[in-house]
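In: I need the structure of the sequence given here:
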Amino acid sequence: MNPPLHGLVNFGWMEFIADPIFHMLKWLHNYISHWGWAIVVLTLVINNVVIPAAHLQLTKTTMKMQRVGPEIKAIQGALQKI
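Out: Model (predicted):
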């Protein structure tokens, strides 16, 4: 018997993210026979995709804070005089 089991997995409202990740994990499991190692490899792949974008965002935020820094110090100095 080969019953249709696709309805058993319900990811809820996060399905648009979870479903592709689940399929990537199943695909990795075809090459890496241990589920734990497949999860580790998938985690490393996702981190390698996300970390450059996070680093870019951090760099942009730091540059904005450097531009606003003198104004913040002036406001803090004015508040200390009060």
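
In: center of the chain - which residue?
Out: Central residue of the chain (C-alpha atoms, centre = their mean): Val50, 5.7 Å from the mean position.

In: And it, which helix or strand is it part of?
Out: Using DSSP states H and E, Val50 sits in helix 35-81.

In: Point out where the protein drops to low pLDDT.
Out: Counting by pLDDT under 70, the chain shows no low-confidence range.

In: now do 90
Out: 1-12, 15, 19, 33, 70, 72-74, 76-82 (pLDDT under 90).

In: on that earlier part again, from Gln57, how far off is the residue nearest to the centre of the chain?
Out: Shown here: Val50 relative to Gln57, a distance of 11 Å by C-beta to C-beta, to the nearest Å. The C-beta positions use only the backbone N, C-alpha and C, and glycine is treated the same way.

In: same question, Pro3
Out: 46 Å.

In: can you list residues touching both of Val50 and Gln57?
Out: Common contact partners of Val50 and Gln57 (C-beta atoms under 8 Å, 6 or more residues apart in numbering): none.

In: Report the distance from the helix holding Val50 to the chain centre.
Out: Centroid separation between helix 35-81 and its chain, computed with C-alpha atoms, centre = their mean, to the nearest Å, is 13 Å.

In: Who are the packing partners of that helix?
Out: Packing contacts for helix 35-81, counted by 3 or more C-beta pairs under 8 Å, 6 or more residues apart in numbering; DSSP states H and E, involve helix 15-31.

In: neighbouring contacts of the helix it packs on?
Out: With C-beta under 8 Å, 6+ apart as the criterion, helix 15-31 contacts Val9, Phe11, Trp35, Ala38, Ile39, Val41, Leu42, Val45, Ile46.
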